[in-house]
Structure formats: structure tokens, C-alpha cells
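# just need the structure, nothing else, for what follows:
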Amino acid sequence: MRAARIAVVTVFFLNGFGFANWVVRIPAVREGLGLSKGVLGIALLGAAVGSLACMPVAGWLASRIGSRFVVGVTVFSFCLALPLPALAPSLPLLVGALVVLGAFMGGLDVSMNTQAVAVERRYGRPIMSSFHAAFSLGGLAGSASGGFMASLGVGIAPHLIGVGALSAIVAVAAYRMLLPAKADVAESGPAFARPTRALAGLGVIAFCVLLGEGAMSDWSALYLRGTLGTGAGFAAAGYAVFSVAMAAGRVSGDRLARRFGSAWLVRSGGAIAAVGLGLSLAAGHPFVALAGFACAGAGFSIVFPLALSAAGRTKEMPSGVAIAAVSTAGYLGFLVGPPTIGFVAQTIGLGSALYIVVILSAVIATLARAMKVGGKAVSRANRKQL
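Presented below is the predicted three-dimensional model:
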């Protein structure tokens, strides 16, 4: 079990690492092709389409043949597809490359979370936040290395080819330690289902928080560089600061949830993100913007893991089905958020468009009571496990 947990942590880390190396190079891709913010938003929509098309397929396959095989296929395919956007010489080919990359990203997100749920069940205690912490740490490492490469003037294509090759080598070792197919292949019910009325609040929370995460990953560097006029290296620091704050929150997430309760944490997190990011956007200063991104990262950090945990506690449907439903709602926000921000930015400017994230952060705080689904039973279960 320890080896399986390490393997899942590694896969989450690789996902965050590869994704962050891509997002910090988005400004260079935009400049290389001469794209406006609105056109870039259309291109990013390709990743959303690819992911939404692949996620149900990945969930169906994981429920039939086990998540281990699906994780293996999607993580290696993600590594191979990572350089494709950098190699695209035109807008149509960029959109196609992002569709392919998004498909494997979506498949990997679904399959690695399914494997994580299987490992968590065998541990008998909450550890989901630690997996998502690994993704954040990967994002931190990826944004730091990507920003460093950008500051050195390294080309986008060789940079992402190197990242994909290194990640594939590490993935080989991780794949061998994943739980076998029998760990989750026998689960009944569909891989995805529309949330019931009781889970609707959790779905909205997941949608809002992952839309915010997607906006920070895709637009933080462009906001710093394009709107506030910073250099490429400083612009990459935006996502790095966001990732540091998010990783710190997720590392301590399981302990904080046991002490303060999930509803209190979600309410506080939404308020911190809304107030901190809103004030920083109003100030319009690069260093204040970094503080705002840190508030967003800290506020968002454990909201999604807690939403998945709450979904797994519901008695209205099997936990795997409930988790898949809430995950789908969340990743929908993650995928459609960045293009939406781009479309709005084309009209009112990126700084004003990012207030969408502020509003949705406030929505998270107001819906925090949805985290109490099954909360009392889980609190007793946690005391027994401890």
C-alpha cells in the first residue's frame, strides 16, 4: 500500500509538473503566432473539448478494466503530447494540438483520481488532500523550471520535449507500483452520473474552485506580463506563488479538516480567495498581484479534495459514482474557465475579467454548508480511525 501511495503521488506530481511547464510558456506561444486574447481563448477551448470528450471514456474504461491500465496509457500519452502545441505553426494546428493534449489530460485526471480513491479506501483514513498536494508541488516545480527556461531564452519546443521525456521515464517506475486492476475494476454503477439534488451544492463548489484554478494557471502569467507590463521571468512567478500557497494548504489539509471541519474550511477558503484576489486586482501592482495569487492559492487549496471526500460520504449513491459526478462538474469549470476569461478579456480587459474568479470564490463561501453532507458520520469514523 505504501508503494501504491507513492506511485499515485508521483503521477499527480508529473501531471502538475507537465501542465505548469506548458502554462508558463503560453505567452510565448501567443506572441509567436501573433494571437489576440480572444483568439487565444478559442485555441484554449480546444483543450477543453478534448478533455470533455475523453473523460467519460476514461471513466468507463477504468470501471471496466481498472484504473491502473488507464493511468498508464494516459500518463505516457500526456508526456508525448506535451510538446505538440509548441510545434504548431498556425492557429488551426494549435487548436488541434490542444485538443489532443486536452484529451490525454482529461483522461489522466479521471484515471489518477480513481486510482487515488482506491488507495484511500484501503488506507481507511483521509489522504486525498496529500495526492492533490503532489499536483500542486508539481505545478510549483514546473512553473519554476519553466520560468527559468523562459528567462534563459530556451525555445518552447526543446523545453517541452525535454519535460515530456523526463516525465515519461519517471512514469515507468510509478506505473509498476500502482494497484492492480482488481482493486477497482469490480465497482458497480456508471463511471459518471449527474449529481443528485443533495450533491448539487458540491458540484457547484467544485465547478467554481476549479474554474478559478484554471484561470490562475492560464492567465496569471499573461496578466502580469501583458496587463502589468512585467518581464517573462516575473510573469512566471504568478503561477509559482499560486502553487506554493496551494501546496502548503493541501499538505496540511487532512489535519485541518479533522480539527476545524470541512464546512468551516471551505467557507474560510472562499472568503480568503475572494477578498485577497479582489483587492490585488483593484491595486493593479505586480507585487500586490503576487499576494493576491497567493490568497487565491491558499483559499482554493483544499476545497476540491474536501468536495470529493464529502461526495464519497453520501448515502444516496455509491461513493465512486458520486465522486465521479462531482469531479466531472469540477473539471468542467477547470476546462471552460480559461476560454471564458479570454472571451471576456477581449471586451473589458484581462484585469476586469479576472473578477469572475472573485465572484465565484464568494459563491464557494456561501455554499460551504453543502460540505456537511454525511459530515457527522465521517467525524465519528475519523475518531475511530485515529
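
# which residue ranges form the helices in the stretch 51-200 of the chain?
All helices of the stretch 51-200 of the chain, identified by DSSP state H, counting those that start in this stretch, fall at 67-81, 84-87, 91-123, 128-152, 156-177, 197-222.

# packing partners for the shortest one?
On a contact count with 3 or more Cβ pairs under 8 Å, 6 or more residues apart in numbering; DSSP states H and E, helix 84-87 meets helix 91-123, helix 156-177. Heads up, the C-betas are built off the backbone N, CA and C, glycines and all.

# out of those helices, name the one with the poorest average pLDDT.
Between the helices and strands packed on helix 84-87, the one with the least mean pLDDT is helix 91-123; it has a mean of 88.

# for that one, packing partners?
Helix 91-123 packs on helix 2-23, helix 26-33, helix 37-65, helix 67-81, helix 84-87, helix 128-152, helix 303-313, helix 319-348, going by 3+ Cβ pairs under 8 Å, 6+ apart.

# and the longest one, what does it pack onto?
In this structure, helix 319-348 packs against helix 37-65, helix 91-123, helix 197-222, helix 303-313, helix 350-353, helix 355-366, with contacts taken as 3+ Cβ pairs under 8 Å, 6+ apart.

# quick one, phi psi at V24?
phi -70, psi -10 (degrees, to the nearest 10).

# that one contacts A236, correct?
Yes - using Cβ atoms under 8 Å, V24 is in contact with A236, at 4.5 Å.

# shared neighbours of those two, anything?
143, 146-147, 150, 221 (Cβ atoms under 8 Å, 6 or more residues apart in numbering).

# list buried members of those by neighbour count.
143, 146-147, 150, 221 (16 or more other Cβ atoms under 10 Å).

# between these, which is nearest A325?
S143 (30.6 Å; Cβ to Cβ).

# let me know the pLDDT of the closest one.
With respect to pLDDT, S143 scores 82.

# same question, P190
P190 is assigned 53 on the pLDDT scale.

# how far away is G102 from F12?
Distance, G102 to F12, using Cβ to Cβ, to the nearest Å: 18 Å.

# before we move on, what about A307?
17 Å.

# try A28
26 Å.

# between those two, which has more neighbouring residues?
F12 (26 against 17; other Cβ atoms under 10 Å).

# could you double-check that the more buried one lies in contact with M128?
No - applying Cβ under 8 Å as the test, F12 and M128 come out as separate, 10.4 Å apart.

# rewinding a little: out of the helices and strands packed on helix 91-123, the one nearest I169 is which?
helix 67-81 (9.0 Å).

# using PDB, write out every CA atom in that closest one.
Output of helix 67-81 as PDB, limited to C-alpha atoms (Å, rounded to 0.1, in the frame of the first residue of the first chain):
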ATOM      1  CA  SER A  67      -7.800   2.400 -13.400                       C
ATOM      2  CA  ARG A  68      -4.200   1.100 -13.500                       C
ATOM      3  CA  PHE A  69      -4.100   0.500 -17.200                       C
ATOM      4  CA  VAL A  70      -5.900   3.800 -18.000                       C
ATOM      5  CA  VAL A  71      -3.400   5.700 -15.900                       C
ATOM      6  CA  GLY A  72      -0.600   4.100 -17.700                       C
ATOM      7  CA  VAL A  73      -2.000   4.900 -21.200                       C
ATOM      8  CA  THR A  74      -2.900   8.400 -20.400                       C
ATOM      9  CA  VAL A  75       0.200   9.400 -18.500                       C
ATOM     10  CA  PHE A  76       2.500   8.300 -21.300                       C
ATOM     11  CA  SER A  77       0.300   9.800 -23.900                       C
ATOM     12  CA  PHE A  78       0.300  13.100 -22.000                       C
ATOM     13  CA  CYS A  79       4.100  13.100 -22.000                       C
ATOM     14  CA  LEU A  80       4.200  12.500 -25.700                       C
ATOM     15  CA  ALA A  81       1.500  15.200 -26.500                       C
END
